[in-house]
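[1] Sequence first, predicted model second:
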Amino acid sequence: MRCAAGSYVLPMPEGRDVKRVLYRVLRRREMREKITIENRLIPVCVLTEYGRAVGAAALHTRTGEFYVIGATVATLTEHTPPGFDLALAAALRDADGGVRRAAVEALRELIEVVSGKPELVSVLLGAAASDDPLVRAGVLDVLRALKEAESAFFAGFLTDPHHRVRIEAIRGLVSLDDAASIARAAADGDREVRVVAAQGLATVGAGADTLRALAVDPDPLVRAAALAALSSLGDAQADGKLLRKALRDSAWQVRKGAATGLAVAPGSESIDALAPLVSDPHGDVRKATVQTLRPWSDDPRVAELIALARADDDADVRAAAR
């Protein structure tokens, strides 16, 4: 730990009123519940560790006593003393939103050293009912990582008012391979949630019918995610035509998704449909096209297209063609 000291200029034209204004604010009941007021302390430096502020040092102007004030959540995060996880979990209920946010981020950052002991899990389950959506989302993420929640628990958050919480609920369901519950999120009103649902079904390896419905979603990013997922869950006969049609979509994300998905339908029709995309204006589309064509390079037409891609201006496309 080191002291970051220095000289500072604080222009305060109305400085004579600052202390009185601060005192009035700090004496409010909601503030007194969260802080302790110390008088006659002059801060002398900010305490830092690895470039991060973890507190401050101050001198009492009357007694000369030296004070060290630690930033609680930051200190817990830096040092992980015994019981740090329970202390951080307790901070999820703090009245101050900034403290709650810091506690959530700390638990996520330190998840590798957090154990799923019963008392911690109990506090986290209680915090999942928080009014703060950041806390609810963070708790779901932590419980998923700890493998300390069941499908029914995560599924209960698919109707949460905040989309970030619903996304974390889907990720929890993915970790438990609950394709049926994930499929429910395909009808969500938020685009990001539907995208994560499509990606989740691809990870779980189930839900082709749901992906087909999402492949014609009004939103291009949802269509793109669903089309790409069909690369592993689709069927050449059932989905080939849909995928080939999507290659002509005006949105490059959809063309990329369709090019990826078409890996499920090898054959002459797919080669013909993919050929123009080797020269697509967008590099990501060209790369996805080459990645799909590469396993079919025994076909002379594909070999010619791959050779063309090896001279592409984009290094990623050239790498995919090697």
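    Yep, it's here.
[2] I'd say residue 198 and residue 212 touch.
    No - with contacts counted by CB atoms under 8 Å, residue 198 stays clear of residue 212, the gap being 10.7 Å. (C-beta placed from N, C-alpha, C; glycine too.)
[3] out of the two, which sits in the busier spot?
    Using other CB atoms under 10 Å, the more surrounded residue of residue 198 and residue 212 is residue 198, with 31 against 18.
[4] Now find how far off-centre stretch 277-284 is within its chain.
    28 Å (CA atoms, centre = their mean, to the nearest Å).
[5] cool, stretch 287-294 as well?
    Offset of stretch 287-294 from its chain centre (CA atoms, centre = their mean): 28 Å.
[6] How about stretch 91-107?
    17 Å.
[7] for stretch 214-223, same thing?
    21 Å.
[8] same question for whatever helix or strand residue 172 lives in, mean pLDDT?
    Under the criterion of DSSP states H and E, residue 172 resides in helix 163-175. The average pLDDT for helix 163-175 rounds to 98.
[9] Quick check: next helix or strand after that helix?
    helix 179-184.
[10] Now that next one - C-alpha only, PDB.
    Extracted in PDB, the C-alpha atoms of helix 179-184 (Å, rounded to 0.1, in the frame of the first residue of the first chain):
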ATOM      1  CA  ALA A 179     -33.900 -25.900 -23.300                       C
ATOM      2  CA  ALA A 180     -37.700 -25.900 -22.700                       C
ATOM      3  CA  SER A 181     -37.400 -22.900 -20.300                       C
ATOM      4  CA  ILE A 182     -35.000 -21.100 -22.600                       C
ATOM      5  CA  ALA A 183     -37.400 -21.400 -25.500                       C
ATOM      6  CA  ARG A 184     -40.000 -19.400 -23.400                       C
END
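[11] For it, name the packing helices and strands.
    Packing partners of helix 179-184 (3 or more CB pairs under 8 Å, 6 or more residues apart in numbering; DSSP states H and E): helix 151-155, helix 163-175, helix 191-204.
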